[in-house]
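**Student:** coordinates only, sequence not included:
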């Protein structure tokens with residue numbers, strides 16, 4: 001991915017540069033490289049806004065939300081996830097909407113809003129079922145069970 005990023009930068013392809021940075025930010029976050037993830041997501045967000053690539057804007061905001069969750073900043077996380085979900089709906093991509101709802105629901109659960117989280121998990125499941133995104137469906141169902149707590 002870094003080679004692709006360098007090529008985009010070399011050729012002035014700002015749209016794909018933002019897209020690649022957003023993906024790198026997610027990978028960096030999964031690897032626990034929070035500072036790198038923050039910089040990549042921030043740069044991706046700026047490029048997405050500059051180029052009007054709303055899908056990448058939503059994804060970068062979601063990564064920033066996840067980063068703030070890890071840093072125990074639930075209100076900041078919630079702010080980013082709310083914005084990501086609104087943009088996902090604007091874009092209209094079912095996979096993006098389901099992912100954004102799933103992340104938003106997780107942030108709401110962490111912020112102490114379990115009922116709203118369950119509603120958003122349920123909506124995430126409905127969107128995933130309607131779009132045949134099996135991976136999103138499995139993730140949303142797993143998170144919904146976790147939000148309910150032990151039985």
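**Tutor:** Ah, there it is. Note that this is a predicted model, so its numbers are computed, not measured. Numbers count the residues shown, from 1 in each chain.

**Student:** Can you tell me the closest non-neighbouring residue to residue 27?
**Tutor:** The shortest distance from residue 27 to any residue that is not its chain neighbour, by CB to CB, 6 or more residues apart in numbering, is 7.5 Å, and that residue is residue 1. The C-beta positions use only the backbone N, C-alpha and C, and glycine is treated the same way.

**Student:** which residues sit in contact with the one you found?
**Tutor:** 20, 23-24, 27 (CB atoms under 8 Å, 6 or more residues apart in numbering).

**Student:** So the residue most central in space within the chain: helix, strand or coil?
**Tutor:** With distances taken as CA atoms, centre = their mean, residue 62 lies nearest the centre of the chain, 2.8 Å away. At residue 62, secondary structure determined by DSSP: H, G, I helix; E, B strand; the rest coil is helix.

**Student:** ok, so what distance separates it from residue 68?
**Tutor:** Counting by CB to CB, to the nearest Å, the gap from residue 62 to residue 68 is 11 Å.

**Student:** picking up where we left off before, just the contacts of residue 1 now: which is nearest residue 90?
**Tutor:** For the contacts of residue 1, the closest approach to residue 90 (CB to CB) belongs to residue 23, at 20.7 Å.

**Student:** Skipping its backbone neighbours, what lies nearest the closest one in space?
**Tutor:** Here the nearest residue to residue 23 in space, its sequence neighbours aside, is residue 1; by CB to CB, 6+ apart that works out to 6.3 Å.

**Student:** State the pLDDT value of that neighbour.
**Tutor:** In this model, residue 1 is scored at 83, pLDDT.

**Student:** before we move on, back to that, residues in contact with both of residue 62 and residue 68, list them for me.
**Tutor:** Contact criterion CB under 8 Å, 6+ apart; residues bridging residue 62 and residue 68 by contacting each: residue 80.

**Student:** Check whether residue 9 really touches residue 17, as I assumed.
**Tutor:** Yes. Counting by CB atoms under 8 Å, a contact exists between residue 9 and residue 17, whose distance comes to 5.9 Å.
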